[in-house]
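>>> this one's sequence-less:
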């Protein structure tokens, strides 16, 4: 049994309907899919999808790419959405300086506002970070220890920073790039960070793992991530699946039997 802790079920790159993806995921052992919102429209769609399918849960939030131009009342709308039964976290939120589609200062402002909302609601939150770890750490250190209330989705940083984040109270989510030949940093992270601090994800339809790299990614391909973690740690895939599933259930406070 697996949980895909981060996917985008409404993405137009997907070649199948949401219903087909959910059914095929369930048939391949995925007991829960955490859909990720990235702006207000996608967050609303995520709630609609989660309401329709029992194995789908969702997050609501503003991605750093979409930080510029958010409505003035966006926080109120996010708070309203978090009251929906299957909304399990805020996010994805954070900083992305690789593309910088939104100015850095606006990214930081919107990220901090969402963090404040997550802490005030005592809601888990999902962090997106790319080429911005310095500012990210500076911001996070201003907030109280989250007690594993926050997760770095598709963690790609160094082992040193990974250890610091875990010490600060954050979880790390591992995605398809761990299977890539040049994934030295992520392999080192997986090898050294205890399994109790790891989640697994696909970020579907992106970041398809080997041996299917280059094709559209689907939630049930999370098995390839799990297999690779088992290979790196020298344990069985079953042990990885059990523990990462338990971690996701605890992190997102999922009301599912396991």
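It's in. Worth saying up front: this structure is predicted, and the values here are computed from it rather than measured.

>>> longest helix in this structure, by residue count?
In the chain, taking DSSP state H as the definition, the longest helix is helix 104-121.

>>> Same question for it: list its buried residues.
By neighbour count on 16 or more other C-beta atoms under 10 Å, the buried set for helix 104-121 is 107-108, 110-111, 113-115, 117-119. All C-beta atoms are positioned from the backbone trio N, CA, C, and that covers glycine.

>>> The next helix or strand after that helix packs against which elements?
Scanning forward in sequence from helix 104-121 by DSSP states H and E, the next helix or strand is strand 125-130. In terms of contacts (3 or more C-beta pairs under 8 Å, 6 or more residues apart in numbering; DSSP states H and E), strand 125-130 is packed against strand 87-96, helix 104-121, strand 150-152.

>>> now the angle between strand 87-96 and the longest one, please.
Note on geometry: by axes from the mean of the first three to the mean of the last three C-alpha atoms, to 10 degrees, helix 104-121 and strand 87-96 are set 160 degrees apart in direction.

>>> Same list, the buried residues of helix 104-121, but as TSV with pLDDT please.
Output for the buried residues of helix 104-121, formatted as TSV (pLDDT from 0 to 100):
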residue	pLDDT
107	98
108	98
110	98
111	98
113	98
114	98
115	97
117	97
118	96
119	95
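
>>> quick one, the longest helix of the chain and strand 125-130 angle?
Going by the same axes, to 10 degrees, helix 104-121 makes 160 degrees with strand 125-130.

>>> And helix 104-121, what does it pack against?
helix 74-82, strand 87-96, strand 125-130, helix 133-140.

>>> Distance from that helix to the middle of the chain?
Its chain's C-alpha centre and that of helix 104-121 lie 17 Å apart, by C-alpha atoms, centre = their mean, to the nearest Å.

>>> again with stretch 244-252
12 Å.

>>> tell me the average confidence for that stretch?
Stretch 244-252 shows a mean pLDDT of 98.

>>> mind listing what's buried in it?
Neighbour-count burial for stretch 244-252 [16+ other C-beta under 10 Å]: 244-245, 247-249, 251-252.

>>> count of residues packed around residue 37?
29 (other C-beta atoms under 10 Å).

>>> Now the residue sitting furthest away from the middle of the chain: which helix or strand?
Of all residues in the chain, residue 72 has its C-alpha farthest from the mean position, at 25.6 Å, by C-alpha atoms, centre = their mean. Under the criterion DSSP H and E, no helix or strand holds residue 72.

>>> Please tell me how far it sits from residue 253.
Distance, residue 72 to residue 253, by C-beta to C-beta, to the nearest Å: 30 Å.

>>> go on, residue 44?
Following C-beta to C-beta, the distance that separates residue 44 from residue 253 is 22 Å.

>>> go on, residue 163?
Distance from residue 163 to residue 253, by C-beta to C-beta: 26 Å.
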